[in-house]
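> Sequence first, then the predicted structure, then my questions.
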Amino acid sequence: MKLLVINADDFGQSRGTNQAILEAHLQGVLSSTSCMANMPAIEEAAKLWKQNPTLGVGAHVSLNVGRPVLPPSTVPLLVNSQGLFHGSYLQHLRLSSDPTYLEQAAREIEAQILKLKALGFFLDHLNGQSHIQMIPGLYQLFYKAALRHGLWLRNSQERLWGHPRPAPKNFLKNLLINHLGSYCQKTQESEFLGIRQSGVMDKKALLFYLANLKGDKVELLSHPAQGEPDAGYPLQPFVSAWITHPGRLIEKEALLASEVKSGLKASGRKLCTFAEMAIL
C-alpha cells in the first residue's frame, strides 16, 4: 500500500491560519497539521481539533519565531533583548555548537511538546519551524525528544530534481537543508516534498506532485493560511509578512480544488496521518 501524508505547518499561528487548515482538512485533501505551542491561537486550535480529531496533529517546535514557552530569562541564548526568539537561521546554526545553547534549546523543545499535550493534542509527529531541526546539534535534541514521546521525526531532506518549476530562493534552502541533513541520523524512511514549493504550492504544483510521487511513503508539505496576524501578540516582522503572504491563500485554495481531489484518487495513494504511516 502506497501512503501519502499531506501536512500543513503552523496550526495555532493565527485564527486565520487555523480556519484555513481546518477547511482544507474537512473539505479538501489535507490529512495532518503541525501545531505551534508558542503562538497566540494555539488554544483555539486545540478546541477546533477536539471537534475534528480525524486531523492528524504533531508538534511544530519553534526556536526562531515568536517567543519561548519558558520564561525568556531562563533561555537567554535563544532570545533577543525583547524576549523574542532569534529569527536568523544562521545564528542558530552558529550557536548550535555551544553546550549551554543546546541545553536551553532542549528544555524549550520539551516545554513546547508538553504544552501541546496539556492542551489535549494527541501528537504523532515532531519537527521544527523553518526546518530548524535539521541543524545537526539541534537534530539530536529533536531525535531524543521524538524517542521519549513516541513521535515520527520529520526529515526535511528533499530531492533536487522532479519539481514543477524553478524557485531560486527555495532551491538554495533545499541545498542547505540537504547538506545539513547529511550529518543527521535518519529515522523513518519516507520521501519528503514541499520546500521547493514553499509559499507557491498552487493547484498546478500539487497536481504535478500527485502524478509523480516516487516512494511508498511520502510526505507533502503545505502552508495554507488566510487573514492577518492576531492582535496583541509580538512577532518578528518577517513572521507577520509570512502570515499574510498571498501564496498561502493560494495554497489553501489548491488543497480544496476538485482537480486535486481527482488527482489524489488517480494517484492510487492512501491519504493518511503520520500515526498511520508509522504502523502501515
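Ah, there it is. Here the structure is a predicted model, which is why all the values come from computation and not from measurement.
> Report the next helix or strand after the lengthiest strand in the chain in sequence order.
Criterion DSSP state E: the longest strand present in the chain is strand 3-11. Once the chain leaves strand 3-11, the next helix or strand it forms, by DSSP states H and E, is helix 15-27.
> pLDDT (mean, whole number) over that next one?
Regarding helix 15-27, the rounded mean pLDDT is 98.
> which outside residues touch that helix?
With CB atoms under 8 Å, 6 or more residues apart in numbering as the test, helix 15-27 has contacts from 8, 10-12, 30-31, 33, 41, 44-45, 48, 52, 54-55, 222, 224-228, 230, 243, 248-249, 252, 255-256. The C-beta positions use only the backbone N, C-alpha and C, and glycine is treated the same way.
> Please apply the same query to stretch 79-92.
62-68, 72, 78, 130, 132, 135, 138, 234-236, 238-239.
> which residues in the stretch 1-150 of the chain form strands?
3-11, 32-35, 56-61, 123-128 (DSSP state E, counting those that start in this stretch).
> Pull out the buried residues from stretch 232-251.
235-236, 239, 242-243, 245, 247-251 (16 or more other CB atoms under 10 Å).
> brain fart, stretch 202-213
So, applying 16+ other CB under 10 Å, buried residues of stretch 202-213: 202-210, 213.
> now the protein, which segments are flagged as low pLDDT?
The model of the chain has pLDDT under 70 over residues 166-168, 183, 185-188.
> Could you rerun that using 50?
Along the chain, the model assigns pLDDT under 50 to no residue.
> how close does residue 258 get to residue 43?
According to CB to CB, to the nearest Å, residue 258 stands 33 Å off from residue 43.
> Also residue 67?
Distance of residue 67 to residue 43, computed by CB to CB: 16 Å.
> okay, now the spatially closest residue to residue 184 that is not a sequence neighbour: neighbour count?
In space, and not counting its chain neighbours, residue 184 is closest to residue 139: 4.3 Å by CB to CB, 6 or more residues apart in numbering. Counted with other CB atoms under 10 Å, the neighbours of residue 139 add up to 22.
> For residue 139, give its distance to residue 36.
Distance from residue 139 to residue 36, by CB to CB: 19 Å.
> Would you convert the strands of the stretch 1-150 of the chain into CSV that also reports distance to residue 277 and mean neighbour count?
Converted to CSV, the strands of the stretch 1-150 of the chain look like this (distance: least, CB to CB, whole Å; neighbours: other CB atoms under 10 Å):
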stretch, distance to residue 277, mean neighbour count
strand 3-11, 5, 27
strand 32-35, 9, 28
strand 56-61, 9, 28
strand 123-128, 9, 25
